[in-house]
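**Student:** got a sequence here, can you model it:
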Amino acid sequence: GDSWGIFTFLCAALCNLPALPALNCSEELGAGQSIQQTYDLTRYLEHQLRTLAGTYLNYLGPPFNEPDFNPPRLARAERVPSATVDLDLWRGLTDNARLAANYRAYSRLLCYLRVLDGQVGTAELRHRLAHFCASLQGLVLSIGGVMSSLGYPLPAGPAGPPAPPGAHAAPNDFLKKMDDFWLLKELQTWLWRSAKDFNRLKKKVPPAVVTLRLEARGF
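**Tutor:** As a prediction, this is how the structure comes out:
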């Protein structure tokens, strides 16, 4: 009847319409959520490092495991990224500059930790170092995700992998232990400062929102 004719006409008309933009509703992982996850991971690494550092310093023995041991930073240690920057100067940097510095530093520190992992003498310590390296790799990726979500380009990363064992070997066992001591000390300072950075940053960036996008199809 007439109803069937109208239905047939409408179907034919719809089939011959040009493709229309489709309305797509999706929830994106916003910068705020990405920053929160990175902050949480930084705090977790701080806790993890306290346990690892205590075990490793005991492995090095005295005076490195003594609470009041505070040696001067040697020229050899300058290869390790230093977090000893004036706090006012650091806070005066842009968010992009601080994120890039964090990304480069942790990429470099991770390289040194992996070399360290291959040199320790106990299976338990190697296991702990490997676990920490995996978590630190996650932090590098997480910082990269924050930068991408904020529209910042990723930095080039470390200038290159650290020299292979033996290339800049310490002339004696004490200086080798001193290198390891400073690596852990700088890691501790970087993580402490990064936690503060991400805590401030998450207060500046709104949480993830549901966004509506028009996707043009057929053109």
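**Student:** for the protein, what spans make up the strands?
**Tutor:** Ranges of strands within the chain are 22-27, 210-215, based on DSSP state E.
**Student:** compare the mean pLDDT across those strands and name the weakest.
**Tutor:** Ranked by mean pLDDT, these bottom out at strand 22-27, with a mean of 33.
**Student:** residue 149 and residue 34 touch, don't they?
**Tutor:** Yes - using C-beta atoms under 8 Å, residue 149 is in contact with residue 34, at 4.8 Å. For glycine as for every other residue, the C-beta is placed from the backbone atoms N, C-alpha and C.
**Student:** pick out whichever of those two has more residues nearby.
**Tutor:** Comparing residue 149 with residue 34 by neighbour count (other C-beta atoms under 10 Å), the higher total belongs to residue 34, at 23 against 18.
**Student:** wait, what's in contact with the more buried one?
**Tutor:** 142, 145, 146, 149 (C-beta atoms under 8 Å, 6 or more residues apart in numbering).
**Student:** wait, which of the residues you listed is closest to residue 47?
**Tutor:** residue 142 (16.3 Å; C-beta to C-beta).
**Student:** that closest one: what's its closest spatial neighbour, skipping adjacent residues?
**Tutor:** Once flanking residues are discounted, residue 142 sits nearest to residue 38: 4.3 Å by C-beta to C-beta, 6 or more residues apart in numbering.
**Student:** can you pull the contacts of the one you found?
**Tutor:** Residue 38 neighbours (C-beta under 8 Å, 6+ apart): 139, 142, 143, 145, 146, 198.
**Student:** mind checking how far the residue nearest to the first one when sequence neighbours are not counted is from residue 57?
**Tutor:** Taking C-beta to C-beta, 6+ apart as the measure, residue 139 lies nearest to residue 41, with 5.3 Å between them; neighbours along the chain are not counted. When distances are taken as C-beta to C-beta, to the nearest Å, residue 41 and residue 57 turn out to be 24 Å apart.
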